[in-house]
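**Student:** Any chance you could fold what I've pasted below:
(chains A and B)
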Amino acid sequence: MARLRDIAQICKSKNAGPFMLTIDVLFEDAAVYRQVKATGVLNAALFARLYNVAEADVLFTPYDTASAFKATLPRLVPAGDFGDTDVYGAQQHAPLLEVEIPINPA
Amino acid sequence: MSTTGYTMLSTSGILGYGFAEESLRIGMSRNPQVIGCDGGSTDPGPHYLGSGTNFCSRLSVKRDLRLMLQAAVAARIPCIIGTSGGAGGEPHLQDTAALVREIAREEGLSFPMALIHAEADRAVLKRRVGQGRVKALAKLPALDEATVDRATRIVGMMGPEPIARALDQGAQVVLAGRSSDPAQWVAPAMRAGLPPAPCWYAGKMLECGAEPTTPKEPDCLLVTVHPDHLVCEPPNPIRRCTPLSVANFALHENASPIHHTEPGGLLDTSAVRFEAVTDRIVRVSGMTWHPADTYTVKLEGVELAGYRAITLCGTRDPGLIAQIDEYLATHRAKVEAKAADFGVPASAWKMAIRTIGRDGVMGAREIVQGAQPHELGFVVEVLAETQEVANAVLAMARTSLLHADFKGRLCKEGNMAFPFSPSDIALGPLYRFSVFHTVAPDDPYEMFPIEHERVG
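**Tutor:** Just a heads-up that it's a prediction; the model follows:
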């Protein structure tokens, strides 16, 4: 098993417009990316569970050419509205860091 | 098109974020055909579009602009600013134009300048609503006349066409109001005869300056566009473009990594290849452009949602930290009662308390439960219809947080550390995004009038 934070080179979140949050995980080594992808652990259902949204509201896209996964989902509150905690959406990636991937990294 | 390609220099992620002067010098030594910088974004939130102010300071914007204008005039190349003044509305555009004129006076510079306005004409917009030519984005309700009337400000996001026209008409300095981030780069590159796909991709690379580099900080980026590819290179020798750094940036702020909707078409990046030319230069190829059947312009608008006051404080008391949920629940009830005493019912205000150290960053999405840190911070926010009521309720909330009793209380002089006097901050108006739609205009120009002047 490997935690995502130990095998990914980039794990980040940001607004995709004022109403959506987009989360990216990138791997420098395409072989590791392919291993992670093959496990199927990263998918729309995982993001729906981690971010407490309906699976239908998650746009999940593996992006082979960049060895990356992207998930886009609704923000909790529109950016800058009453009660918002993160106007830029830049600190919403942490739940992903601890996700366990059943691979044995080299 | 020559084999040397068309080279563009972006100075930074946002005008006013700063860049190394040496990066500009090295970048200019590569003879770029245009220099520019994106002036804004919706990212800092709805406030700036509503208030008509910039989220960057006048001092920092002037510093960046001065260096850019001097470089552009010396090299006799265009200087293009996208989304001027942070949000690209009329006050933002006029403030930026005033800065340019001021710098030109101070430096003895002279050039033809164009201002491209981007605030939507409400009468035209309402007509478009009636014609069924406005569509909602992000699951917002359909736009109606009342929402258009209520909005404090609405801007349209221009494509490259008005910017290209301003250049065609002789402008050397172009200040665009709200514009699609890549548009200011697509315009000059397509005028040079390059096809849309690599131009749009180049625009996406240049819109944030040196963000597609490592180490990733606000600084300059050079991109050279060729008919079927582009080449990215940071002028600053401490930075490198790597396939990872460029691929990472390709994911930036988009819902999809493979489909990028722009005015006039869609950039498809599903088959893009990132190749290292050297250890600090990357070649990107394989992007395709699919023209849209209908030309659409994105609309952004905000409306006033009330007035806010906030205060910041923290506790170091373990007894209070252990029962903080209960304490905050009784606190709310106490504030309601005391506010009612001075004539403000609970229906007249809203209060949100972010508990820093527990779930202050992720709110309801925090996955760590039951954390018992040694200290907790609080950001208390009150929203009301007037600043007076927001201030009054916030002041009572602050007093109550400081002095309310709780079970087993030892710290009987006060429960909170307030770092500041004054403790309460009147934040002023709260704006919220109310318009996030697309409109189909008759042509790419009708919403974006161009005004020319001679500066200096």
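
**Student:** List the contacts of residue 60.
**Tutor:** Using chain A. The neighbourhood of A:F60, defined by CB atoms under 8 Å, 6 or more residues apart in numbering or on different chains, consists of A:L42, A:N43, A:A44, A:F47, A:F69, A:K70, A:A71. Bear in mind the C-beta positions are built from the backbone N, C-alpha and C, glycine included.

**Student:** switch to chain B, that's the one I care about
**Tutor:** B:G16, B:Y17, B:G18.

**Student:** Tell me the spacing between it and B:V73.
**Tutor:** B:S60 is 21 Å from B:V73, where distance means CB to CB, to the nearest Å.

**Student:** now A:E100
**Tutor:** The value you get for A:E100 to B:V73, if CB to CB is used, is 58 Å.

**Student:** Compare these two and say which is more crowded by neighbours.
**Tutor:** B:V73 (19 against 11; other CB atoms under 10 Å in any protein chain shown).

**Student:** Burial check on the one residue in chain A that gets nearest to chain B, number of neighbours?
**Tutor:** Distance from chain B to each residue of chain A (CB to the nearest CB) is smallest for A:G80, at 2.9 Å. Residues lying near A:G80 (other CB under 10 Å) number 25.

**Student:** so what's it closest to, chain neighbours aside?
**Tutor:** B:G45 (2.9 Å; CB to CB, 6 or more residues apart in numbering or on different chains).

**Student:** residues contacting the spatially most central residue of chain B?
**Tutor:** Centroid-nearest residue in chain B: B:S41, 2.0 Å away (criterion: CA atoms, centre = their mean). Applying CB under 8 Å, 6+ apart to B:S41 gives the contacts B:I14, B:T83, B:G86, B:D181.

**Student:** export those to a markdown table and tack on pLDDT, distance to B:I353 and neighbour count?
**Tutor:** As requested, the contacts of B:S41 are arranged in a markdown table below (pLDDT from 0 to 100; distance: CB to CB, whole Å; neighbours: other CB atoms under 10 Å in any protein chain shown):
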| residue | pLDDT | distance to B:I353 | neighbour count |
| --- | --- | --- | --- |
| B:I14 | 95 | 32 | 27 |
| B:T83 | 98 | 34 | 33 |
| B:G86 | 96 | 29 | 29 |
| B:D181 | 95 | 36 | 20 |
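
**Student:** Those residues: which ones sit near chain A?
**Tutor:** Applying CB under 8 Å from any CB of the partner chain, the subset of those adjacent to chain A is empty.

**Student:** Let me know the distance separating B:A364 from B:T213.
**Tutor:** The value you get for B:A364 to B:T213, if CB to CB is used, is 36 Å.

**Student:** Tell me which of the two has more neighbours.
**Tutor:** B:T213 (25 against 11).

**Student:** check contacts around the more buried one.
**Tutor:** Contacts of B:T213 (CB under 8 Å, 6+ apart): B:D219, B:L221, B:P234, B:R239, B:R240, B:C241, B:S245.

**Student:** can you do 10 Å?
**Tutor:** B:219-221, B:232-234, B:236, B:238-242, B:245-246, B:249, B:280, B:282 (CB atoms under 10 Å, 6 or more residues apart in numbering or on different chains).

**Student:** A:T22 now?
**Tutor:** Contacts for A:T22 (CB under 10 Å, 6+ apart) come out as A:12-16, A:59, A:61, A:70-73, A:89, A:92, B:251-257.

**Student:** mind listing which of those are in strands?
**Tutor:** A:K12, A:S13, A:K14, A:N15, A:L59, A:T61, A:K70, A:A71, A:T72, A:L73 (DSSP state E).

**Student:** Hmm, A:V87 and the third one touching each other?
**Tutor:** No: A:K14 is beyond contact range of A:V87, at 11.1 Å (criterion: CB atoms under 10 Å).

**Student:** so what's in contact with the two at the same time?
**Tutor:** B:D43.

**Student:** one step back: now do the same for the residue nearest to A:G80: its pLDDT.
**Tutor:** pLDDT recorded at B:G45 is 95.

**Student:** Hmm, B:R365 is touching A:G89, no?
**Tutor:** No: when contacts are counted by CB under 10 Å, B:R365 is not listed as touching A:G89 (11.2 Å).

**Student:** could you pull out the helices for chain B?
**Tutor:** Taking DSSP state H as the test, the helices found in chain B are B:21-28, B:47-51, B:58-75, B:90-107, B:122-130, B:145-150, B:160-168, B:183-191, B:196-206, B:243-250, B:318-322, B:324-341, B:387-403.

**Student:** got the angle between the fourth one and helix B:58-75?
**Tutor:** In this case it means helix B:90-107. For helix B:90-107 against helix B:58-75, the angle by axes from the mean of the first three to the mean of the last three CA atoms, to 10 degrees is 60 degrees.

**Student:** all helices in chain A, in order from the N-terminus.
**Tutor:** Ranges of helices within chain A are A:4-7, A:30-39, A:44-50, A:94-97, based on DSSP H.

**Student:** Distance to chain B and mean pLDDT for those - can I get that in a markdown table?
**Tutor:** Listed next are these as a markdown table, based on distance: least, CB to the nearest CB, whole Å; pLDDT from 0 to 100:
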| stretch | distance to chain B | mean pLDDT |
| --- | --- | --- |
| helix A:4-7 | 14 | 96 |
| helix A:30-39 | 10 | 97 |
| helix A:44-50 | 7 | 98 |
| helix A:94-97 | 5 | 97 |
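
**Student:** now the ones you listed in JSON lines, with mean neighbour count?
**Tutor:** Shown next, in JSON lines, are the helices of chain A (neighbours: other CB atoms under 10 Å in any protein chain shown):
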{"stretch": "helix A:4-7", "mean neighbour count": "16"}
{"stretch": "helix A:30-39", "mean neighbour count": "16"}
{"stretch": "helix A:44-50", "mean neighbour count": "18"}
{"stretch": "helix A:94-97", "mean neighbour count": "18"}
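
**Student:** For B:M157, which of those is the nearest?
**Tutor:** helix A:44-50 (28.2 Å; CB to CB).

**Student:** just checking, what packs against that closest one?
**Tutor:** strand A:59-63, strand A:68-74, helix A:94-97 (3 or more CB pairs under 10 Å, 6 or more residues apart in numbering or on different chains; DSSP states H and E).

**Student:** Dump these into CSV; add distance to B:G193 as well.
**Tutor:** Shown next, in CSV, are the helices and strands packed on helix A:44-50 (distance: least, CB to CB, whole Å):
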stretch, distance to B:G193
strand A:59-63, 31
strand A:68-74, 33
helix A:94-97, 44
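
**Student:** The most centrally placed residue in chain A and B:G360, how far apart?
**Tutor:** Nearest to the geometric centre of chain A sits A:I23, at 4.1 Å (CA atoms, centre = their mean). To B:G360, A:I23 is 19 Å away according to CB to CB.
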